[in-house]
Every structure is written in structure tokens, then in C-alpha cells.
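K.L.:
Sequence and predicted model, in that order:
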Amino acid sequence: MRDRVIHLDGGVEEGQPLLLEAAGDPVIAALLQDICQTFERPPAGATMDRHLTSIRAQASARRGSGFRRAAILLAATLTLSMALVGFAYAGFVTLPEPVRHALSWIGIEVPASDKPAEQPEPADGVTGSTIVPSERPPAAPGVPQSDPSQPPKPAVQGDQPGRPAGSPGDQPGGGDRPDNPASPCPFPNDILGCDQSDRP
Amino acid sequence: MESSEANFPAILTQARAGSGDAWAQIYRSYAPKVFGYLRARNAADPDDLAGEVFLQVVRDLHRFDGDERAFRAWLFTVAHHRLLDDARLRSRRPEVLTAEPISAEPVGDVEAEAMNLLAEQRLLGIIQGLSDDQQAVMLLRLFGDLTVPQVATILGKTPGAVKAAQHRAFDRLRGILTTERTVPEPGLAMQENPS
């Protein structure tokens, strides 16, 4: 408490603001000092003890509640974090890359996402769903490459190269006669006895 | 108070940490002033009210930030609001008259006690000759060592209004004291008609 030395002639050596302001009026200054001395006194011993007991209990409760709040906050944070990691593990949520990286450091591998890996974005003008036929393998050197745009040719019988004419025959009496394409007999008539009427 | 101002930050830090000793030191430093304010405002039960004021300060200290002067202003803000709340509550609720408990306090000098009581009642009569605002301005400044702007903040008024109220209070006190001198027994006369 500040000293309040107020002289009756109005001078104040040291005091609080109101007494300094009232210093010019000795009557008021004396009255204010009288009020202070009369009312400003410590509480009775029993009252002070009762108050101090309550104040200490309240302060202790505040400290305890601070620790309790911190513990509850920590437990709630841990529970939420574990739940989030669990959801991510189950594939319900996707954790950002730094979080997954941090989790992998403590041995928890969380999949990147529950969705399949995304297709790369197609180039402009190309629809992503178009199936492009695989190209034919390049032909061997020297083999003429057929035009893939032309329809395939139907297979033709007898396109194998025949024996050259005049070559030594496999039957006595002369060379081979040319095959009669119109004859229904597929064999030489004079050997197998086919009908001779169809000879020219 | 000067030494308290010097080490107040350390005491406040310990009080924030829940130190009972720090709170006891704060209580012993400021309780006489708070009691003085509540008694001079003629609170119905200044002991209980002062206890509630300090308990609220303990509860709400985490919201406070400032030096010793700011703490004193805050403490008296709490005291003033508790006083208003108590007066409002008592005006709504009918007072139940009960037998006064016998005080366990040791009785000292009976004559001195009687003289103190008379002096207190005389001064209460003088104070109650002021309006409510004038009482609040003068006693907050007196017991809380508060400046005009601090009192203006507590009362929700402008500093000019506080200065005007203080000026009128001093004028009124001069008039009361002048009347007191002309009456043979001024203290008793004031008690009969305190307002």
C-alpha cells in the first residue's frame, strides 16, 4: 500500500491519485484519509482462513482441471488419429502423401487409395476408350508385304507350281499328256481304265 | 505496494501455475482494499462477497494479461460487478430475517470497537449522501488507486463523466461536512437519514 502522508495545509508527499487531486482541499483530503483508515483493514482471522482455504482449493482444482483437459484432449486426438488411419487402411479414405509417408516411417503402410490406379490422360483428340489394333509384325526381309487394307484372297486349288512340260514321265510310252481339266477322272485314263470317251 | 509491484510478475506466474502460496500472497496484499471498497459501499455481507470476488479471480485468471496496475483494475472491476449483482439479487429476493450467529472472534478493546463502529457508521452516512455513481467513482479511485480512465472503463462511462461525477461528489461532501459541523451530534444525525 502506498504511503498517504497528507498534511493539513494541503500538501501531499506521496499518495494515490485521488488524494493527490484532493490535496488542495484539506477538509476533503482528511475525510478521504479517514475513510481509508476506517474501512481498509484486513479481514478477521477466521474469515481470512476460510477464504484462503477456498482459494487454495479453487487454485488446485484449476490446476487439476488443466491437466485433465490436456489428458482428455490428447486421448481424443489419439483416438481420432487411430480411427482415421484405420479408415485409410480399410480403404474408405485416402490419406495425403505426406501423412502416408510419415506413417510408413513408424511402420504403418497405408494404401494410397481404395480406387484403382487411374488411367493416364489420353492425348487431345483421342478417345480413351478406343481400342487400337495391334500392328502386324514387320515382314521378313524380301517377303512382299501385302496390303493390309485389301481383303484376304480366297485359297485357289492348284496354285502349286506343276511339273515342267516335257520332263521325264513316270509312265512308259511317252511323256505326260497334259491333264484334262474337264475330265472327272483324276487319274491317267490308260492306267486306271477310266472311260476313254472323254479323251479329246 | 511498491515491493509487490516489483515482484508481481513472478507471483502472478506462480498463481497461474496454481501455487497456493502465491494466491495467499495476492489475497493478503489486496483483500484489505477490496474489503474496504465493499464495506464503504455498504455491502450486505462484505466478507462473503470478498470471498466470491477472489474465487472468481482465481477462476478467471487465465483470461487476464497485464501488469500490476492492470490486475488491480481488473480486481476492482470484478468486485464492482459482484457488488451490483448482489444488490440486484437482494432487491429481487425478499430478505429472510434470521438470528445473527454469535461471533467467534475474540473481542478486544470494547471501547475501541465501539468507537470504530461509530466512526464507520458516521462515514457510511456521509458516503450514502452521495449518488450511486458518485460513490462508485470516489471509492474506486480511493481504494483501488485507480486513474480516471480506469474507473471510466469499469463504469462504462467517459473519462469526462467520471471527472464531473468526482467534482460533484467533492462538492456534495463539502456541503455534508459543513452541515455536520453546525449540528451538535453530526454522526447520529447522519445515521437517522443516511440517504
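P.N.:
Arrived safely.
K.L.:
What is the burial count for A:Ile106?
P.N.:
6 (other C-beta atoms under 10 Å in any protein chain shown). In this view, the C-beta of every residue, glycine as well, is placed from N, C-alpha and C.
K.L.:
again with B:Gly175
P.N.:
Other residues close to B:Gly175 by other C-beta under 10 Å number 11.
K.L.:
Make sure I have this right: it is in a strand.
P.N.:
No: looking at B:Gly175 with DSSP: H, G, I helix; E, B strand; the rest coil, it is helix, so not inside a strand.
K.L.:
Could you report the pLDDT at it?
P.N.:
Predicted confidence (pLDDT) for B:Gly175: 90.
K.L.:
Repeat that for A:Ala29.
P.N.:
89.
K.L.:
what helix or strand is the closest residue to B:Leu142 other than its chain neighbours on?
P.N.:
Using C-beta to C-beta, 6 or more residues apart in numbering or on different chains and skipping residues adjacent in sequence, the residue nearest B:Leu142 is A:Leu18, 5.2 Å away. Using DSSP states H and E, A:Leu18 maps to helix A:17-21.
K.L.:
and the next helix or strand along the chain from that helix, anywhere near chain B?
P.N.:
Downstream of helix A:17-21, the first helix or strand assigned by DSSP H and E is helix A:26-39. Yes: Helix A:26-39 reaches chain B (C-beta under 8 Å from any C-beta of the partner chain) through A:Val27, A:Ile28, A:Leu31, A:Leu32, A:Asp34, A:Ile35, A:Cys36, A:Thr38, A:Phe39.
K.L.:
Give the buried residues for helix A:26-39.
P.N.:
The neighbour-count check on helix A:26-39 (16 or more other C-beta atoms under 10 Å in any protein chain shown) flags A:Val27, A:Ile28, A:Ala29, A:Leu31, A:Leu32, A:Gln33, A:Ile35, A:Cys36, A:Thr38, A:Phe39 as buried.
K.L.:
Please name the nearest non-neighbouring residue to the first one.
P.N.:
So the one you mean is A:Val27. B:Leu177 (5.8 Å).
K.L.:
so the one you found makes contact with B:Gly125?
P.N.:
No: here B:Leu177 lies out of contact with B:Gly125, judged by C-beta atoms under 8 Å, at a distance of 11.6 Å.
K.L.:
Those two: who's more crowded?
P.N.:
With neighbours defined as other C-beta under 10 Å, B:Leu177 and B:Gly125 compare such that B:Gly125 has more, 22 against 16.
K.L.:
Tell me which other helices or strands the helix of greatest length in chain A touches.
P.N.:
Counting by DSSP state H, the longest helix found in chain A is helix A:45-90. In this structure, helix A:45-90 packs against helix B:20-40, helix B:46-60, with contacts taken as 3 or more C-beta pairs under 8 Å, 6 or more residues apart in numbering or on different chains; DSSP states H and E.
K.L.:
Now for the residue nearest to B:Leu142: which residues touch it?
P.N.:
A:Leu32, B:Met138, B:Arg141, B:Leu142, B:Gln166 (C-beta atoms under 8 Å, 6 or more residues apart in numbering or on different chains).
K.L.:
Remind me what the helix or strand hosting the third one packs against, helices and strands.
P.N.:
Secondary-structure assignment from DSSP H and E places B:Arg141 in helix B:132-144. For helix B:132-144, the helices and strands in contact under the criterion 3+ C-beta pairs under 8 Å, 6+ apart are helix A:17-21, helix A:26-39, helix B:20-40, helix B:68-92, helix B:110-127, helix B:148-155, helix B:159-182.
K.L.:
what is the rounded mean pLDDT of that helix?
P.N.:
93.
K.L.:
and that helix with helix B:110-127, angle?
P.N.:
130 degrees (axes from the mean of the first three to the mean of the last three C-alpha atoms, to 10 degrees).
K.L.:
Thanks again, I'm all set now.
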